[in-house]
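Q: sharing a sequence plus its predicted fold:
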Amino acid sequence: MHHDYIGGLLEHTVSVAEICRFLSAHYEGVDGDLLVAGALLHDIGKVEELAYEGTFDYTDEGRLLGHLYMGAEWISSECDGLGGFPPGKKILLKHMILSHHGELEYGSPKRPKTLEAIILHFVENMDAKANAFTEAMADLREGARWTEYSRMFERYLFSGKFE
Ligand SMILES: [Fe+2]
Ligand SMILES: [Fe+2]
């Protein structure tokens, strides 16, 4: 849906982490370490959800389980492997992964219920949308000012240029 090119996941992840680091100082009461950790890990499941052989495709596990569940499960076992990882922190981190799509209809089994999860959801959504907009503009036909109908945005997008 966004950043769909080699290196795109890393670019998105670093961008989300940088914005979250900025926002952790901007809003009061944010656990900055938790927010940045969630930002860095939120899409980690995509590494196993997707495969690349000339084009991107979903793996069987990806189609069946999805990157939110896969990421949460992965983080869970890594936390357990560390030994002594605070149980509450683990739950908060997993909550951020599972809720980052924001709504049940977008594949999140839980909607964001902590300040860090709410911020992460909006930041990652904004980053995805800004990238998708830029990509749509790059794909504009020569001389075109409006994009084709965008399924992601459910609208036509404007280049900002008048005739
Ligand atoms: Fe995601
Ligand atoms: Fe994301």
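A: The structure has been received and is ready for your questions. Ligands and ions are numbered 1, 2, ... in the order given.
Q: spatially central residue in this structure, please.
A: Centrality entry for the chain: nearest residue to the mean C-alpha point is Glu124, 4.6 Å, by C-alpha atoms, centre = their mean.
Q: excluding its backbone neighbours, what's nearest that residue?
A: Leaving aside its sequence neighbours, Glu124 sits nearest to Val16 (C-beta to C-beta, 6 or more residues apart in numbering; 5.1 Å). (Glycine included, C-beta is placed from N, CA and C.)
Q: that neighbour contacts His121, correct?
A: No. Counting by C-beta atoms under 8 Å, Val16 stays clear of His121, with 10.5 Å between them.
Q: residue contacts, Val123?
A: Under the criterion of C-beta atoms under 8 Å, 6 or more residues apart in numbering, the neighbours of Val123 are 16, 19-20, 23, 39.
Q: so which bits of the top helix by length along the chain are buried?
A: The helix spanning the most residues in the chain, taking DSSP state H as the definition, is helix 115-138. Within helix 115-138, the residues that count as buried by 16 or more other C-beta atoms under 10 Å are 115-117, 119-121, 123-125, 127-128, 131-133, 135-136.
Q: please save the CA atoms from that helix in CSV.
A: Output of helix 115-138 as CSV, limited to C-alpha atoms (Å, rounded to 0.1, in the frame of the first residue of the first chain):
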residue,chain,number,x,y,z
LEU,A,115,-0.9,7.5,24.6
GLU,A,116,2.1,5.9,22.9
ALA,A,117,-0.2,3.5,20.8
ILE,A,118,-2.4,6.4,19.7
ILE,A,119,0.5,8.6,18.6
LEU,A,120,2.2,5.6,16.8
HIS,A,121,-1.0,4.9,14.9
PHE,A,122,-1.4,8.5,13.6
VAL,A,123,2.3,8.9,12.8
GLU,A,124,2.6,5.6,10.9
ASN,A,125,-0.6,6.4,9.0
MET,A,126,0.6,9.9,8.2
ASP,A,127,3.9,8.6,7.0
ALA,A,128,2.2,6.0,4.8
LYS,A,129,-0.2,8.6,3.3
ALA,A,130,2.5,11.2,2.6
ASN,A,131,4.6,8.5,0.9
ALA,A,132,1.7,7.3,-1.2
PHE,A,133,0.9,10.8,-2.2
THR,A,134,4.5,11.5,-3.3
GLU,A,135,4.5,8.2,-5.2
ALA,A,136,1.2,9.0,-6.9
MET,A,137,2.7,12.4,-8.0
ALA,A,138,5.8,10.7,-9.4
